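**Q** based on what follows, work out the 3D shape:
(chains A and B)
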Amino acid sequence: MTIAETMTSRERVLAALAGKPVDRTPVANPTNVATVDLMDMVSAPFPDACRDPVMNARLAETGHTELGFDVISPYFSIIQESSALGCDMQWEQKDNWPTVRMTNPIWKEPEDIHIPDDFLEHPDNQAIIGSIRILKEKWGDEVAIVGKTMGPWTLAYHLFGVEPFLLMTIDDPKKTMDVLHRLEEVSVLFGRAQIDAGADVLTFPDHATGDLVSGEYYHRFLQDIHTEMVEKLPVPIILHICGKTLDRMDYIAQTGMAAFHFDSMNDPAEAMEIVDGRISLVGNINNPVTLYSKGPEAVREEVYKALDAGVQLIAPECAIPLRTKLENLLEIPAAINDWTEAHA
Amino acid sequence: MNFVHDGLAAEFEYVTREGERQHIGELFDSGDALMQETAYNLITGNHNEVSRLVEQALAEGYTANDVLDDGLIAGMAIVGVKFRDNIIFVPEVLIAARAMKAGMVHIEPILSASGVEPAGTIIMGTVKGDLHDIGKNLCIMMLRGSGFVVHDLGVDTKPDEFVDAVMEHDAQIVGMSALLTTTMPNMGVTIEALEEAGLREEIKVMLGGAPVTASFAEDMGADGYGDNAIEAVDRAKEFVEADN
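**A** Sure, this is the predicted structure:
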């Protein structure tokens, strides 16, 4: 039996992000759910699907057409802007994520930062912007189109190298802030271009994770910048940070962002208690163990745990391993459906 | 323990587990002021001062092993505990590691020339598709400091590169790192490649990395898991001791 749905996917997602009532909890993919099976299904393999708007759109929409998710998210990776800025890239093959060679950073000082006038025209940025246009035209009223623009902290990892950047945060905090403010311009430029192309929502990954830096770091270096983003990017924003984040969720909840996409390392009930309704939560099905290695039963168990806690949008915790089984992804909306029926 | 440096004594208060207080406290039993000052400056990331103090100690006749054990490794032991207990995070560990490197610059040539038998041979690498190396590099630094010969395969290491390196260096241990949940499955793929090459029975495999857990390591068929660099050294020592 299927529950009677009274909202479109788009309405459902936007309502959940606004903290409003929904007919059922939406299933989202703020980062990505592309898999090798889906690439084969629509002849849109990596890395081409990351660089060509038509292929990109074809693969992105499978998240809705094949998996039944309520959003379409065309920016699969986290590297488009960094490629456009000149980073050394490793585009990989179908079954591996494209990535930035962060061991070969291109900048050392804030004054090295140069955003080309034609930054948005770079093919790797146009792949996303063009894809959003295609998807908006096809799915505009029905499904929420989720763009993505990288935050300055993540861009700094790519452009300055993780280790040099983290050392800079201790050696020269003022210089670190200069870097972040300059890179914030990249986040805003690319985010606004996606909004203009039709993005309903933006994911904002900025990996100040508890596996690397303290919650106090988040407060000191990023909270104000993230708060400014709410003004500068006028659509609902989903902040994404992997790893342990409970110690910074209170700060995140103060930014005014619509939602926080959180990792399975954080207990959903505890997370809900910390944010206390100030921000919606999106998550937090474990990728490497549950979605990749286990079966539908384990997926269902985690979906129920998140729903029982009151998480507003159910999603994998992050971009999923590319060999994830489709039956496990299909189990997410199925489990939501059953849980909703049982709680009607 | 016998603290003569107030700052170091205060740092030691972060070590709260009974067994660890005993074990790490013994590293400072000698009550040597120069070694304790070295350890303190390592913990607080003052690399220039660590370099100067190590040079001074060697000039005063301390052996390279004494400086390594009583100054640098003793300091890193407290750094490891603070990191594990979320008192400090990676930036603070990185400045301590930078300080350790500054000291090792003076010590390594002496140790290399001494011809001491290594504790074991380890192949380390970040798995295919993953370009993160901070955690791996910290582990390598601590393993080398503990007497292991470590061959670093770098990042984005293909399974057959691990296989080739094990054969080339006749290694006893393989250590793999991943920071991305999307690349973690490549740890299992690499273990399969070691099996297919007929090497699995001869070596021990340990896994680590921020999203990696003990249960994931077990699922992938590894022999051990380390939550941090100190634990990586513990696992490696356990493997070698069990082998002897």
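**Q** OK, contacts around the residue of chain A at minimum distance from chain B?
**A** For chain A, the nearest residue to chain B under the criterion CB to the nearest CB is A:Asp211, separated by 3.7 Å. Using the backbone N, CA and C atoms, a C-beta is placed for each residue, glycine as well. Listed by CB atoms under 8 Å, 6 or more residues apart in numbering or on different chains, the contact set of A:Asp211 reads A:242-244, B:90, B:179, B:210-211.
**Q** looking at the residues you listed, which is nearest B:Gly154?
**A** Distance to B:Gly154, by CB to CB, is smallest for B:Leu179 among the contacts of A:Asp211, at 14.1 Å.
**Q** wouldn't A:Ile132 be in contact with A:Ala144 here?
**A** No - the pair A:Ile132 / A:Ala144 is not scored as a contact, 11.7 Å apart, by CB atoms under 8 Å.
**Q** thinking again about what came up before, which pLDDT does the model give the residue of chain A closest to chain B?
**A** In this model, A:Asp211 is scored at 86, pLDDT.
**Q** quick one: neighbours of A:Lys294, just the number.
**A** 16 (other CB atoms under 10 Å in any protein chain shown).
**Q** for it, which non-adjacent residue is closest in space?
**A** Nearest non-adjacent residue to A:Lys294, counting by CB to CB, 6 or more residues apart in numbering or on different chains: A:Asn328, 7.5 Å away.
**Q** what's next to the helix or strand hosting B:Leu34, contact-wise?
**A** Secondary-structure element containing B:Leu34, defined by DSSP states H and E: helix B:33-43. The contact list for helix B:33-43 (CB under 8 Å, 6+ apart) reads B:3-5, B:7-8, B:11, B:28, B:49-50, B:53-54, B:56-57, B:60, B:62, B:66-67, B:70-72, B:74-76, B:78-79, B:82, B:96, B:99-100, B:103.
**Q** coming back round to it: from B:Asn228, how far off is the residue of chain A closest to chain B?
**A** Per CB to CB, to the nearest Å, A:Asp211 is found 11 Å from B:Asn228.
**Q** again, but for B:Ser112
**A** B:Ser112 sits 27 Å away from B:Asn228, going by CB to CB.
**Q** mind exporting the lowest-mean-pLDDT helix or strand in chain B as PDB, just the C-alpha atoms?
**A** In chain B, no helix or strand scores lower on mean pLDDT, DSSP states H and E than helix B:134-145, which sits at a mean of 86. C-alpha atoms of helix B:134-145 as PDB (Å, rounded to 0.1, in the frame of the first residue of the first chain):
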ATOM      1  CA  ILE B 134      47.700  14.100   6.600                       C
ATOM      2  CA  GLY B 135      46.700  11.200   8.800                       C
ATOM      3  CA  LYS B 136      48.900   8.700   6.900                       C
ATOM      4  CA  ASN B 137      51.900  11.000   7.100                       C
ATOM      5  CA  LEU B 138      51.400  11.400  10.900                       C
ATOM      6  CA  CYS B 139      51.300   7.600  11.200                       C
ATOM      7  CA  ILE B 140      54.400   7.300   9.200                       C
ATOM      8  CA  MET B 141      56.300   9.800  11.300                       C
ATOM      9  CA  MET B 142      55.300   8.000  14.500                       C
ATOM     10  CA  LEU B 143      56.100   4.600  13.100                       C
ATOM     11  CA  ARG B 144      59.500   5.700  11.900                       C
ATOM     12  CA  GLY B 145      60.100   7.300  15.200                       C
END
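**Q** how close does A:Arg323 get to A:Ile113?
**A** In terms of CB to CB, A:Arg323 sits 37 Å off from A:Ile113.
**Q** before we move on, back to that, which residues sit against the least confident helix or strand of chain B?
**A** Contact with helix B:134-145 is made by A:162-163, A:166, B:68, B:72-73, B:76, B:80, B:90, B:93-94, B:97, B:100-101, B:104, B:122, B:124-126, B:150, B:152, B:155, B:175, B:177, B:179, B:208-210, B:226, B:229-230, B:232-233, B:236, as judged by CB under 8 Å, 6+ apart.
**Q** in contact with the residue of chain B found nearest chain A, which residues?
**A** Chain A sits closest to B:Ala210 of chain B, with a gap of 3.7 Å, by CB to the nearest CB. Residues near B:Ala210 by CB under 8 Å, 6+ apart: A:209, A:211-212, A:243, B:135, B:179.
**Q** circling back: which one of B:Ser112 and B:Asn228 has more residues nearby?
**A** Neighbours were counted for B:Ser112 and for B:Asn228 using other CB under 10 Å; B:Asn228 has more, 19 against 10.
**Q** got a pLDDT number for that one?
**A** The score at B:Asn228 is 83. That number is its pLDDT.
**Q** secondary structure class for the residue of chain A closest to chain B?
**A** coil (DSSP: H, G, I helix; E, B strand; the rest coil).
**Q** can you pull the phi/psi pair for it?
**A** phi -80, psi -10 (degrees, to the nearest 10).
**Q** hmm, back to that, go through the contacts of A:Asp211 and flag which are in helices.
**A** When DSSP state H is applied, the contacts of A:Asp211 are split such that B:Val90 fall in helices.
**Q** between the contacts of A:Asp211, which is nearest A:Ile106?
**A** Nearest to A:Ile106 among the contacts of A:Asp211, with distances taken as CB to CB, is B:Leu179, at 20.5 Å.
**Q** enumerate every residue touching that closest one.
**A** By CB under 8 Å, 6+ apart, the contact list for B:Leu179 reads A:211, B:126, B:130, B:132, B:135, B:209-211.
**Q** mind checking pLDDT for it?
**A** For B:Leu179, the pLDDT comes out at 85.
**Q** the lengthiest strand in chain B pairs with which strands?
**A** Using DSSP state E, we find that the single longest strand of chain B is strand B:120-126. Strand B:120-126 has the following strand partners under DSSP bridges: strand B:148-152 (parallel), strand B:173-177 (parallel).
**Q** give me the residues contacting the last one.
**A** Outside of strand B:173-177, the residues that reach it under the criterion CB under 8 Å, 6+ apart are B:120-127, B:130, B:132-133, B:135-136, B:139, B:143, B:157, B:162, B:166, B:187, B:190, B:194, B:203-209, B:212, B:222, B:232, B:236, B:239-240.
**Q** all good on my end, thank you.
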